[in-house]
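# Let me see the structure of the following:
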Amino acid sequence: MRVAIVGQQKFGKSVLEAFLERGDTVAGVFCAPEKAGATPDPLRVAAEERAIRLFQFPSLKTGEAHAALRELDADIGVMAYVLQFAPQDFVRIPKHGMIQYHPSLLPRYRGPSSINWPIIRGDTETGLTVFRPNDGLDEGPVILQKSTPIGPDDTLGSVYFDRLFPLGVAALLEAADLVVGGRAVERPQDESLASYEGWCRAAEARINWHNHVDIVYNLIRGCNPAPGAWTTFEGKALQIFDARKHPVRAFSGVKGPIGTITAIGPQSITVAAQGGQIEVLTLRPEGGNKMPAPAFCSARGLNVGATFGA
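Take a look at the predicted model:
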C-alpha cells in the first residue's frame, strides 16, 4: 500500500520504518516544524535519510497542506503521535482516509497526557486505541484496541517504552491492513464512559507529602521520566524519579514528621508520607543532573530530619 505518515519523534520514526520493512511504500511524511535550537525530529531525519518526500507545514488546515497530500495519491494516512489539528477535509484525502494512534483505552483518558494519568490514578490496566480521527478530541470511531496491565511498580517509562510503544507500532500496521482490505469494523465510542484529561506538567507533578503514601508513589511513577514529580528543598525544586513505596507495616518502628528524611543509606533515602515511607533512589536538583539520592544528601550536608516540601 501507499502510505502517508503524519507524526513526529521516535514513535513516528518507528512507524515509518515498520511500514518500509514489510514492503509498503511511504509516499510522504508530514511532521510539525521544529523550534529553533530543538533536538532534530527523528521522523524528519529518517524521512530525509531515505529521500522520502517531507512536508513541515505550520498548519494542516491550509490549502497548501491539502494539495501536498493529494499529490501523494496515498491509499491511507497514518497518524503517529500528532499534536497538530488535522481537519476532516485533510484526513479524508487518502483513498481510505486516515487512522490515528492514541495511548489509552478510549473513550477513557482522552487528551495529551493519557499515559501519565492512569498510573497517577492507580489504575491497574491501560492500553491503546487506533481510531478514525474526527474534529473532536480523540472522539472518532474505534478500529481496534489493545490492553496491557499496569503493575504496582510500573512507571510511565516502563508502560510506554516496554509495551505501548511497540504494541502501538504493530497496531497501526494491523489497522491499516484492516482498513485498506475492507475488513475494518468501526465502533462508535461510548460517550457515557468518556473522560478528558489535560497535560500532566509541573503544576500537576508537585508532591504533597501529606497525601497518603499510595498517592505520592503513584504520582512519582506516573511522572517518571516526564515531567518528573517534584518537591522543594531550601526553596529550590527537587525532582524525584526512581523510588519505592513502603507502607507502615514494612517500616515498623520507623517514624518521622511528614516530608522529613527518616533514613539515609548507601543506595537510597527514605522520606515520610502519610501511611508509610517513600524510598528515593534517584533525584535531580534544580539546574543539575540526575544523581543517587544519598549523593545529593552528602553534597548538601543533609542528615536525617531534613525536610522536603517545607
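# need the strands for the stretch 51-200 of the chain, in chain order.
Secondary structure of the stretch 51-200 of the chain by DSSP state E, counting those that start in this stretch: the strands cover 54-55, 76-80, 98-102, 125-131, 142-149.
# Name the residues that touch the shortest one?
It refers to strand 54-55. 28-31, 44, 47-48, 65, 68 (Cβ atoms under 8 Å, 6 or more residues apart in numbering). To be clear about C-beta, it is placed using only N, CA and C from the backbone, and glycine gets the same treatment.
# for the strands of the stretch 51-200 of the chain, which one sits closest to Leu219?
strand 125-131 (16.2 Å; Cβ to Cβ).
# Return the list of helices and strands in contact with that closest one.
strand 98-102, helix 116-120, strand 142-149, helix 165-180 (3 or more Cβ pairs under 8 Å, 6 or more residues apart in numbering; DSSP states H and E).
# need the helices for the protein, in chain order.
Ranges of helices within the chain are 9-21, 42-49, 63-72, 88-91, 116-120, 156-159, 165-180, 213-222, 293-300, based on DSSP state H.
# chain center to the third one, what's the gap?
Between the centre of helix 63-72 and the centre of its chain there are 30 Å (Cα atoms, centre = their mean, to the nearest Å).
# let's have the chain start at 129 instead
All right, first residue 129 from here; so that's helix 191-200.
# In that helix, which residues are buried?
193-194, 196-197, 200 (16 or more other Cβ atoms under 10 Å).
# send the alpha carbons of it over as PDB?
Provided in PDB are the C-alpha atoms of helix 191-200 (Å, rounded to 0.1, in the frame of the first residue of the first chain):
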ATOM      1  CA  GLY A 191      -4.800  24.600   1.100                       C
ATOM      2  CA  GLU A 192      -1.000  24.000   0.600                       C
ATOM      3  CA  ALA A 193      -1.100  21.100   3.100                       C
ATOM      4  CA  HIS A 194      -4.200  19.600   1.400                       C
ATOM      5  CA  ALA A 195      -2.600  19.900  -2.100                       C
ATOM      6  CA  ALA A 196       0.600  18.200  -0.900                       C
ATOM      7  CA  LEU A 197      -1.400  15.200   0.500                       C
ATOM      8  CA  ARG A 198      -3.500  14.900  -2.700                       C
ATOM      9  CA  GLU A 199      -0.400  14.800  -4.800                       C
ATOM     10  CA  LEU A 200       0.900  11.800  -2.800                       C
END
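# what does it rub up against?
130, 132, 155-156, 158, 181, 183, 185, 187, 205, 217-218, 221-222.
# got it, and the first one?
Contacts to helix 137-149, defined as Cβ under 8 Å, 6+ apart, come from residues 131, 133, 135, 154, 157, 159, 169-171, 173-175, 178, 180, 206, 208-209, 229, 293, 296-298, 300-301, 304.
# Thanks a lot, see you next time.
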